[in-house]
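got a structure for you, letters missing:
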């Protein structure tokens, strides 16, 4: 009876080890598939700039470089406009 218990415990330990290994492998694979991003901010002061109220040429250039406009903060009183961008890292 003790010999059977010993083999059952060994089998359970092996099963637990394999289960943990598989779970860790899946977690590692999921971490590698996480998207990574970089961010940039463009600040334009309209009082000291030759830009039109919205510098479409510059925004289009950033779009061609892979940047996506995600938010803006437009302060018409001060003339300072913030454009927030992100793009996926390779």
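All right, it came through fine. Just so you know, these numbers come straight off a predicted model, no measurement behind them.

for the residue nearest in space to the middle of the chain, give me the pLDDT.
Nearest to the mean C-alpha position of the chain, counting by CA atoms, centre = their mean, stands residue 36 at 3.5 Å. Looking at residue 36, its pLDDT stands at 91.

that one touches residue 89, doesn't it?
Yes: at 4.2 Å, residue 36 counts as touching residue 89 under the criterion of CB atoms under 8 Å. In this view, the C-beta of every residue, glycine as well, is placed from N, C-alpha and C.

quick one: low-confidence ranges for the chain?
Counting by pLDDT under 70, the chain contains low-confidence ranges at 1-6, 9, 25-32, 48-54.

which residues in it form helices?
Assigned by DSSP state H, the chain shows helices spanning 2-32, 56-64.

how is this protein divided into domains?
1-34, 37-88 (automatic domain parsing).

out of the ones you listed, which is the most enclosed?
Of all these, domain 37-88 has the most neighbours on average by mean count of other CB atoms under 10 Å, namely a mean of 12.

gap between the two ends of that domain?
Using CA to CA, to the nearest Å, the span of domain 37-88 from its first residue to its last is 4 Å.

ok, now which ones touch residue 37?
86, 87, 88, 89 (CB atoms under 8 Å, 6 or more residues apart in numbering).

try it again at 10 Å.
68, 70, 85, 86, 87, 88, 89 (CB atoms under 10 Å, 6 or more residues apart in numbering).

surely the first one is in contact with residue 83?
I take that to be residue 68. No: counting by CB atoms under 10 Å, residue 68 stays clear of residue 83, with 11.0 Å between them.

now do the shared contacts for the two.
Common neighbours of residue 68 and residue 83 (CB under 10 Å, 6+ apart) are residue 62.

circling back: identify the contacts common to residue 36 and residue 89.
Both residue 36 and residue 89 lack any common contact, where contact means CB under 10 Å, 6+ apart.

how close does residue 78 get to residue 44?
As defined by CB to CB, to the nearest Å, residue 78 lies at a distance of 11 Å from residue 44.
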